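Asker: starting from these lines, generate the structure:
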Amino acid sequence: MGLDQLTPEQHSTLLKIRKRVIEAIGRNMDLYGVPISTGHLYGLLYFADKPMTLDEMGMEMSMSKTSMSTGVRTLLDLKMVNKVWEKGSRKDLYEVESDWYQSFTDFFSTKWRKAVENNILVLRRSIEEVNVHLESQSEGAIHEVLQEDQRKMKEAVQYYEWLDRLIDAMESGEIYKLVPKK
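Answerer: The predicted structure is shown next:
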């Protein structure tokens, strides 16, 4: 049964329910630094029964094509939507990535991997710098402070190396052996 076969009352009820879910998706994505409007766009595509163009999305959401384009680009970068080809259509079409597990993995892997790489780089440089100072400062209060800082930085590196392995487990799917999908 298609949407066009619903009574006006059924259609209204359906839209009300979908709107509630779309609002929740928008709020949830806002927690992860994605604009609420982009979350709403994801929700719209999630409930769409076919791939949509930017124009169609703009009409549905009463937003400009520029805003739609920015939102779709964000979702493409996060691998939460896919560009699809449809015979006879000259416009770009988009559909939601329906595997939420994969979307979660892609989103967090990308964000976390970047943070891990940056933080390990900073920590290792700082540890090297502390080593240089420790070699030149053989004793005194500064020596003890530097040793303690170095210990803390090495613990931080261990954490980021663990997080890197967690990301590997997410990307390989190993995580689902520990926490199975339902």
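Asker: find the nearest non-adjacent residue to V157, please.
Answerer: Spatial nearest neighbour of V157, chain neighbours left out: L123 (5.1 Å); criterion: Cβ to Cβ, 6 or more residues apart in numbering. Just so you know, the C-beta spots here come from the backbone N, C-alpha and C atoms, and that holds for glycine as well.
Asker: does that neighbour sit in a helix, a strand or a coil?
Answerer: For L123, the assignment made with DSSP: H, G, I helix; E, B strand; the rest coil gives helix.
Asker: what do you get for S138?
Answerer: Following three-state DSSP, S138 is assigned to coil.
Asker: gap between it and I22?
Answerer: S138 sits 64 Å away from I22, going by Cβ to Cβ, to the nearest Å.
Asker: what about those two, which has more around it?
Answerer: Neighbour count, other Cβ atoms under 10 Å: between S138 and I22, I22 has more, with 21 against 7.
Asker: how about L166, what does it touch?
Answerer: W112, I175 (Cβ atoms under 8 Å, 6 or more residues apart in numbering).
Asker: checking my notes, it in a helix, right?
Answerer: Yes - assessed with three-state DSSP, L166 lies in a helix.
Asker: what's the closest non-adjacent residue to T74?
Answerer: Here the nearest residue to T74 in space, its sequence neighbours aside, is T38; by Cβ to Cβ, 6+ apart that works out to 5.1 Å.
Asker: so the one you found is in contact with D77, correct?
Answerer: No - at 10.6 Å, T38 does not count as touching D77 under the criterion of Cβ atoms under 8 Å.
Asker: more neighbours: those two, which one.
Answerer: Taking other Cβ under 10 Å, T38 and D77 do not tie; T38 has more neighbours (23 against 12).
Asker: which of the three states applies to that one?
Answerer: helix.
Asker: any idea how far it is from K111?
Answerer: Counting by Cβ to Cβ, the gap from T38 to K111 is 15 Å.
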